[in-house]
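1. what follows is a predicted protein model with its sequence.
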Amino acid sequence: MKPNIIQSIAVCLAAFALFFMMACSSQEESIQNTTEAALYLNIEPIVQTRSRLAELQLPDNEKMKSVRVIVLHAADGTVEHNRYFSLEGAQAQKYILLKVKSNEKKKIFLFSNEESVSAIEGVTGSESKTLTAFFNSYTENMSGFETAVNSLYFAPDYTDGKPIPMSSMYEIDFPEKGNFDGTFYVVRVATKFVVNFMNWRGEEITVNNFTIASHADKNFLMAHVNDSEQNELLFKGKTWINWLKEVSDASSENDDYATTEAAGWLKDYRLPAQADKTKTYTYGTVIVGVPTVDIDHPENSKPGVANNTPVFYLPESMNPKAGVTDGEQEYTLTINIDGRTEPFVYTLPNLKALFRNTHVVVNITLYNRNEIVVDVIPYSEKFLYPEFGL
């Protein structure tokens, strides 16, 4: 239950120590000055509505291991707070309480897992600078942070279970009197793929490798969603983050592709000009077992499955489809099977964009007639909890 933040912080801190996991210190002081108020943030990655089950099964690399909050005075862009919080292990939720100036518009920048970004580009003096060093260079009352952070880009590294970087920005009007509390979401700078193999052949199948083309190699830290008529019609008055959260919730209730198509696709966004958008991802050998066939009760038959279901992450990408004008994209899957000279090549169906936080489930069914059927479910919840995506 959320604590009553109107009381003196020093008095009530002990009552909600389980939320904050920190001792009484200058980080959270008593709010006694009438020009000051409390900003209470509940920070979470975007997950589906079945939040408790989602949290329990969310992989650690998709959770938060650190959180940074940077609050700007919107009027002049100067820093009011730059606070870093190291969490106790991987968490799917973090409560933070800050003392802030009241009666003004603020911009709140949120980041998680900054340690996974070892090198940044796009800002003056960024060569060999880590993301943490960039953040630490902006102290209280400094200006220029918003312009700098929006210019920053990097090459994501999702290997070895590194926590996925996340970011978001909110604008709020702080009241003249009283406090402000709310839930604020951070969005993963990544797209996620899960590839399910289902084998109906009478023998074990060795997939030598499969590839996905064409993806980008660099992403902005902050999402660059265009302020366009196309996006205005898509968001229907919401921010893009709120739209993303609502579509994610809807997909958890009904993962039919018609639901996804009706929600629409966020296609009007930008990648760094320096990004190579023609990269090809290669996944190595996959062994797909033999099916279990029950002649008397066919409904009990089950296809053979992979020894290890491929799960991997790619950067936010943009590969425009030829001949379209609305930003629709396409991505190519190539499957190389042992004993077959020619690969199977498919344009992934039902995948019109690879905006950050999209989760793609690819189902590949192998039949005896040297036939493969590929089905793509962009925003599903049935196959893996939780799908992080639209």
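-> Good, I have the coordinates. Numbers count the residues shown, from 1 in each chain.

2. only C-alpha atoms for contact and neighbour calcs from this point on.
-> Will do.

3. where are the low-confidence patches of this structure?
-> Where the chain drops to pLDDT under 70, the residues are 1-34, 48-56, 126-128, 251-260, 379-390.

4. what's the single longest helix in it?
-> With residue count as the measure and DSSP state H as the assignment, the chain has helix 240-253 as its longest helix.

5. now for it, which elements pack on it?
-> helix 257-263 (3 or more CA pairs under 8 Å, 6 or more residues apart in numbering; DSSP states H and E).

6. list the strands paired with the strand ranked longest in the chain, with their directions.
-> Ordering each strand of the chain by length in residues (DSSP state E) puts strand 79-91 first. Here strand 79-91 is paired, per DSSP bridges, with strand 64-73 (antiparallel).

7. give me phi/psi at the residue nearest in space to the middle of the chain?
-> For the chain, R188 is the residue whose C-alpha lies nearest the centre (CA atoms, centre = their mean; 2.3 Å). Dihedral pair for R188: phi -70, psi 130, per degrees, to the nearest 10.

8. which residues does it bridge with?
-> M166.

9. ok, now how distant is it from P163?
-> The gap separating R188 from P163 is 10 Å, by CA to CA, to the nearest Å.

10. find the residues that touch each one of those two.
-> E62 (CA atoms under 8 Å, 6 or more residues apart in numbering).

11. and the residue in the chain sticking out farthest from the centre, helix, strand or coil?
-> Most distant residue from the mean C-alpha position of the chain: D296, 45.9 Å away (CA atoms, centre = their mean). Classification of D296 by DSSP: H, G, I helix; E, B strand; the rest coil places it in coil.

12. ok so, going back, output the longest helix of the chain as CSV, restricted to C-alpha atoms.
-> Below are the C-alpha coordinates for helix 240-253, written out as CSV (Å, rounded to 0.1, in the frame of the first residue of the first chain):
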residue,chain,number,x,y,z
TRP,A,240,3.5,7.3,-27.2
ILE,A,241,4.4,5.6,-23.9
ASN,A,242,0.8,5.5,-22.7
TRP,A,243,-0.3,4.2,-26.1
LEU,A,244,2.4,1.5,-25.9
LYS,A,245,1.3,0.4,-22.4
GLU,A,246,-2.4,0.2,-23.5
VAL,A,247,-1.6,-1.9,-26.5
SER,A,248,0.6,-4.1,-24.4
ASP,A,249,-2.3,-4.6,-21.9
ALA,A,250,-4.7,-5.4,-24.8
SER,A,251,-2.4,-8.0,-26.3
SER,A,252,-2.2,-9.8,-22.9
GLU,A,253,-6.0,-10.2,-23.0
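
13. would you mark the buried spots in that helix?
-> W240, I241, W243, L244, K245, E246, V247, S248, D249, A250, S251, S252 (16 or more other CA atoms under 10 Å).

14. count of neighbours near N150?
-> 15 (other CA atoms under 10 Å).

15. give the contact list for it.
-> F220, L221, M222, H224.

16. so what's the backbone phi/psi at it?
-> phi -70, psi -20.

17. how near is it to S168?
-> N150 is 11 Å from S168, by CA to CA.

18. overlap in contacts, those two.
-> Joint contacts of N150 and S168 (CA under 8 Å, 6+ apart) are M222.

19. all set, thanks.
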